[in-house]
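J.: the following comprises the amino acid sequence and a computationally predicted model.
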Amino acid sequence: MAHRAPLTNHHADGTICPADHKHTSSGKPLHPDCPGRAYTQAICSCGDWEMKQPGKGYVNECRKRHLASHTQGPKVLRDLLRLDGS
């Protein structure tokens, strides 16, 4: 099963900011009815990882890194299959 960790933007009061609300890179709203993005959150379907930070780009990079770790298999298996012998 492929894991998912969708990004969601949130207002300061914790409500989800709709996908059609666009923002500047700093989170200022470009939509007239939006108070602005306070933070971005990603929660993985594996149940062991979540991140909530003001920086959308940072959350997205960490999300990608985490999802890539799922394709590498369990750590024990990775350690056993290491070619460098360390």
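T.: Cool, got the structure. Residues are numbered from 1 along each chain as shown.
J.: for the protein, which segments are assigned as strands?
T.: Under the criterion DSSP state E, strands of the chain are mapped to 7-10, 39-43, 50-53.
J.: packing partners of the first one?
T.: Spelled out, that is strand 7-10. strand 39-43, helix 56-71 (3 or more CB pairs under 8 Å, 6 or more residues apart in numbering; DSSP states H and E). C-beta: built from backbone N, CA, C; applies to glycine.
J.: now that strand: buried residues?
T.: Of all the residues in strand 7-10, those buried under the rule 16 or more other CB atoms under 10 Å are N9.
J.: what average pLDDT does that strand get?
T.: Averaged across strand 7-10, pLDDT comes to 95.
J.: kindly report the same for the longest one.
T.: Strand 39-43 shows a mean pLDDT of 96.
J.: what's that strand in contact with?
T.: By CB atoms under 8 Å, 6 or more residues apart in numbering, the residues outside strand 39-43 that reach it are 5-10, 49-56, 59-60, 62-63.
J.: so T8 versus L67, what's the distance?
T.: 15 Å (CB to CB, to the nearest Å).
J.: ignore what I typed, I meant T40.
T.: 15 Å.
J.: what's the answer for T15, then?
T.: Distance of T15 to L67, computed by CB to CB: 26 Å.
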